[in-house]
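>>> let me see the structure of the following:
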Amino acid sequence: MESRRLKFQPYAPVEPSPLKTQKGKTMATIMPFRALRPKREYAARVASPPYDVVSLDEARKIADGNPYCFLRVGRAELELSDDVDPYSTEVYERGATNLQGLIRDGIMARETRPIFGVYRRRWGERQQTGLVALASIAEYDDGLIKKHELTRTIKENDRVRIIETHESQSGPVLLFFRRTAAFTNWLGNVTAAAPEVQFMTDDVEHAVWSLRDQAAIERVVQRFRSVDALYIADGHHRSAAASRVRGASKRTNARSSHPDEEGFLSVIFPHDELCVLPYNRIVRDLNGYTPKGFLEAIASRYELDVPSQPGNPPPAGFDLYLEGHWRRATPIMTPEDRLKTQADPVRALAVSMLTDRVLDPLLGIRDQRVDRRIEFVGGIRPLEALAAKVDGGEWAVAFWLYPTTVDELMAVSDARRVMPPKSTWFEPKLSDGLFVHVLRDG
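The predicted structure is shown next:
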């Protein structure tokens, strides 16, 4: 495809000195970047949920009446007819055109020099504050940025097409690391000042600060070189797609990719600020079981009772909805089972036990990534939503899982293991459109 040359309206220039690097370190490399951002007065209208966590109908409702909504870039089929293939060239090209329109019309503008951002989200009594930066694709490829799940080819291909057609990365990867006192103190100093951008979406407050001073940028880069590990929380497809784009560029150019392709867009949070919800399941049929027979089969592996408050299952367990009723399943653990779970961080997860004890042997679901008899429902959706799907008749049973913890996620990642698909749901989701990493702009 012929390369697009995007035209950018810059922010006021800042003249930094060349960035120094520290030799001899192999991980926790972060990089500032020339972010493409909405101007302050448009930020609330541009910011949108990630395109892949909303349905097409939801995307249309969110974008309705708002020509600047970034869903018009990431999910451009919302502007097209219902019969359009969401993976067609027409959709990717429409998104690229809409991105160029936001730039041309002065809604978004690009920093003249590399910066870091600080992004805080506050909802209820919780808040998360993270660093907006590029993480190293080379370290991702080498396994130094730790993963915990496999990707689905169709979703990965979709992300690759978006990056290549839009010549940018607009969906940040949510990374985290073990909190350090130095990072806490630094964040406190940055956020003591008034934010550059602040707005509300539903019940979440968003606030953004920018770090443009070169000496301050360099200090942050050096501090992160002592971080023992970066972990992917949410964004395995986004990081994998960025790696593929870089790899294709290196092959095309024989020696190296473009410098702007060496990092992928990320927001990096301390580990203890993450909010992990369960990633629940619904299944279309009982694989030949009657409801009574299915419950009897589960009862050989779990203690079943009626919960006083569904949606709060015990560790390693789940609540299931079948024929109009919620039941609670607490795993029956033999001494041998306990030894195995202690030795295997994946086996101990509630989602793994559901897979190994119910989905695979009873319901015949061997590969959750491709089996169309199962769908995944993020923990942000209420119990009533799962029950309604079953009551509607299209689905036979719903499972509400005990959520994977951050400690469990780190244990799996540290062991270089892989969780079952869709084991974690992080909330609130990082907004698209507040920071865009532009590639190959000439």
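
>>> so for stretch 391-405, what's the average pLDDT?
The average pLDDT for stretch 391-405 rounds to 97.

>>> what are the buried residues along that stretch?
With burial defined by 16 or more other CB atoms under 10 Å, the residues of stretch 391-405 counted as buried are 395-404. Placement of C-beta: from N, CA and C, glycine included.

>>> how long is stretch 68-76 end to end?
12 Å (CA to CA, to the nearest Å).

>>> for it, which outside residues touch it?
Residues outside stretch 68-76 that contact it (CB atoms under 8 Å, 6 or more residues apart in numbering): 38, 42, 45-51, 54, 56, 59, 62-63, 78-79, 86, 91-92, 94-96, 98-99, 102, 107, 162, 166, 170-171, 432-433.

>>> how does it look with 6 Å?
Identification of contacts with stretch 68-76 by CB atoms under 6 Å, 6 or more residues apart in numbering yields 42, 45-46, 48, 51, 59, 62-63, 91, 94-95, 98-99, 107, 432-433.

>>> just the buried residues out of those, in PyMOL syntax.
Per 16+ other CB under 10 Å, the buried members of the contacts of stretch 68-76 correspond to this PyMOL selection:
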select buried, resi 42+45+46+48+51+59+62+63+91+94+95+98+99+107+432+433
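
>>> now, which of the contacts of stretch 68-76 sits nearest Ser266?
Nearest to Ser266 among the contacts of stretch 68-76 is Asp432, at 13.4 Å by CB to CB.

>>> so in terms of bridging, what pairs with that closest one?
Ser48 (DSSP bridges).

>>> tell me who's in contact with it.
So, once contact is read as CB under 6 Å, 6+ apart, Asp432 ends up touching 48, 50, 70, 74, 170-171.

>>> please pick the buried ones from those residues.
Among these, the ones that count as buried (16+ other CB under 10 Å) are 48, 50, 70, 74, 170-171.

>>> make TSV from these and add secondary structure and pLDDT to it.
Conversion of the buried ones among the contacts of Asp432 to TSV gives the following (DSSP: H, G, I helix; E, B strand; the rest coil; pLDDT from 0 to 100):
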residue	secondary structure	pLDDT
Ser48	strand	96
Pro50	coil	93
Phe70	coil	98
Gly74	helix	96
Ser170	coil	93
Gly171	coil	90
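
>>> any idea which of those residues is closest to Ala182?
So of the buried ones among the contacts of Asp432, ranked by how close each gets to Ala182 (CB to CB), first place is Gly171, at 28.8 Å.

>>> so what's that closest one up against?
So Gly171 contacts 50, 238, 432 (CB under 6 Å, 6+ apart).

>>> can you list the domains in this structure?
Residue ranges for the domains of the chain, per automatic domain parsing: 30-275+428-438, 276-426.

>>> tell me the secondary structure of Glu408, please.
Under DSSP: H, G, I helix; E, B strand; the rest coil, Glu408 falls in the helix class.

>>> quick one on the thing from earlier: export the buried residues of stretch 391-405 to TSV and tack on distance to Ile115?
Output for the buried residues of stretch 391-405, formatted as TSV (distance: CB to CB, whole Å):
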residue	distance to Ile115
Trp395	47
Ala396	51
Val397	49
Ala398	45
Phe399	44
Trp400	42
Leu401	39
Tyr402	40
Pro403	35
Thr404	34
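
>>> least trustworthy helix or strand in the protein by mean pLDDT?
Ranking every helix and strand in the chain by mean pLDDT, DSSP states H and E puts helix 335-343 at the bottom, with a mean of 87.

>>> what helix or strand is His437 located in?
Following DSSP states H and E, one finds His437 within strand 437-438.

>>> which residue packs closest to Ile30, ignoring adjacent ones?
Once flanking residues are discounted, Ile30 sits nearest to Ala133: 4.3 Å by CB to CB, 6 or more residues apart in numbering.
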